[in-house]
Each structure stands twice: as structure tokens, then as C-alpha cells.
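In: turn this into a model:
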Amino acid sequence: MAAKFDEIAIWFVAFIPMPVVQALGVCFHGDNREFSSDPDEERFRVRSDIIVSGFLADDPQETDFHWCGETQKLDCATGEVLASATAGTDGMSFHHFNVGNTFPDPEGGLVNNPNEFCVNFLYDGAAANPLAGLGSPDVDMNSFVTIDPIGRTVSLRGATNAFPDYEAYVSVDDGSPIVLFQQKHTLDPLAGLPGGADQAVSATVAV
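Out: Got it, this is the predicted structure:
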């Protein structure tokens, strides 16, 4: 049996759907959009991309990238931009990249993969509002991902915060994006951001 594709790209995004968000009398510019599979979409709070290539040579390797969108603090009455800053990406990483029949389950034990060519990795994404002061809660998401190049599936399980909105997409060999998950916010920033990622998300998609 052989891999059915050579390269796969996955990108994880957190964005604020409304044009302006207000908390405790302070206003910040949002991303003013809905879910979007456009790989060139530039409106986001957090974005992480991973590209895994070399499946056809039985030697998959990964390259990854991380960005945070610019934050703007606004005058709530006039909309004037009072300050701008961009959060750091230190809390964003793909790690524990592994190829094989099994993978140590993050929740304990071993994950049994469908075949020896499967790729597993973990993703953690966390970034705080750089203009909200010390102790500002992070936008959080985390995932455990399995890529099966023979069965042509991508599986994910993880969690997000209850604010803002979160999405992830897959593209195989530079093909059209496929939705991996889309998670809409259920709380406002004050209630939805504090604490770790606790809104479960899981998906398996055919690629």
C-alpha cells in the first residue's frame, strides 16, 4: 500500500466575527467576518499553519508558521484608534510530530493508527490581547491530529475557548480547502476567554 497524496496543509484560525468588541467599557477592533476557507484571509487574531510533505517518499516532514493579527484599541464613542500592537506567538506550537503505527495518547495510553504511514502531532495555540494589560486571558485552542495518507482522512480532537470563533481547514496537494471544523462562540469575551480551552471539538474528514 502507498500514500495517496504527497503534501497536506492544515491551518488553524481564531477570529472575532464582529467589527468591534467591548469589555468593561474598553473597545477593540474585531475581524468583521464570518467563517472563511480562503487560505489568503488576513483577518484573524491567531493563525497557525502546518505543511506536511514527503508522503510519497515515505518520509513525511513538517514545516509550520504562526501569526497574530494586529490589535487596535478604539475610542468607544468615535471609533478612533487609540493604540495598536501585535501579540507574540510564543504560545503557539506544533509538537510531538510522529510517524508510525502508534502514538502516545495525550490523555494516556497509546493511539493505534490505521497504518504505519500515519502522521500524528499536537497543536497548542494561545495568545493574549497585548493592549488589555497584564493578566489578560489567552485565546486558547489545542488539538491532537492524525493524518492517514492511505485512507485519505484527517482526524482531530481538541478544544477551544467559548470566545471568539475558531476554524480549521485542510488542503491536499494545493487543492481546494476542506473544512476540518468551525466552532462559533457561545459566550462574550468576559465569560468566554478566562481559563483553558474547554469547548470540545472533534472531526474526521475525507481528503
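
In: okay, CA-based contacts and neighbour counts for the rest of this
Out: Noted.

In: show me where this protein has its helices.
Out: Using DSSP state H, the helices of the chain run over residues 189-192.

In: end-to-end on stretch 120-134?
Out: 35 Å (Cα to Cα, to the nearest Å).

In: off-centre distance for it?
Out: 10 Å (Cα atoms, centre = their mean, to the nearest Å).

In: buried ones in it?
Out: Going by neighbour count (16 or more other Cα atoms under 10 Å), the buried part of stretch 120-134 is 120-131.

In: which positions in stretch 180-194 come out as buried?
Out: Applying 16+ other Cα under 10 Å to stretch 180-194 flags 180-185, 189, 192-194 as buried.

In: residues touching it, excluding its own?
Out: 23, 35, 137-140, 161-170, 201-205 (Cα atoms under 8 Å, 6 or more residues apart in numbering).

In: type out the PyMOL command that picks the buried ones from the residues you listed.
Out: With 16+ other Cα under 10 Å as the criterion, this PyMOL line picks the buried residues out of the contacts of stretch 180-194:
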select buried, resi 35+137+138+139+140+161+162+163+164+165+166+167+168+169+170+201
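
In: restricted to strands, list the contacts of stretch 180-194.
Out: 23, 138-140, 165-170, 201-205 (DSSP state E).

In: lowest-confidence one in those?
Out: pLDDT is lowest at A23 among those; the value there is 85.

In: that residue: what's it in contact with?
Out: Contacts of A23 by Cα under 8 Å, 6+ apart are 189-190.

In: repeat that with 10 Å
Out: Taking Cα atoms under 10 Å, 6 or more residues apart in numbering, we find A23 in contact with 132, 188-190.

In: any idea how far S202 is from G108?
Out: 18 Å.

In: next, format the contacts of A23 as a markdown table and append distance to N113.
Out: Shown next, in a markdown table, are those (distance: Cα to Cα, whole Å):
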| residue | distance to N113 |
| --- | --- |
| A132 | 43 |
| D188 | 38 |
| P189 | 38 |
| L190 | 40 |
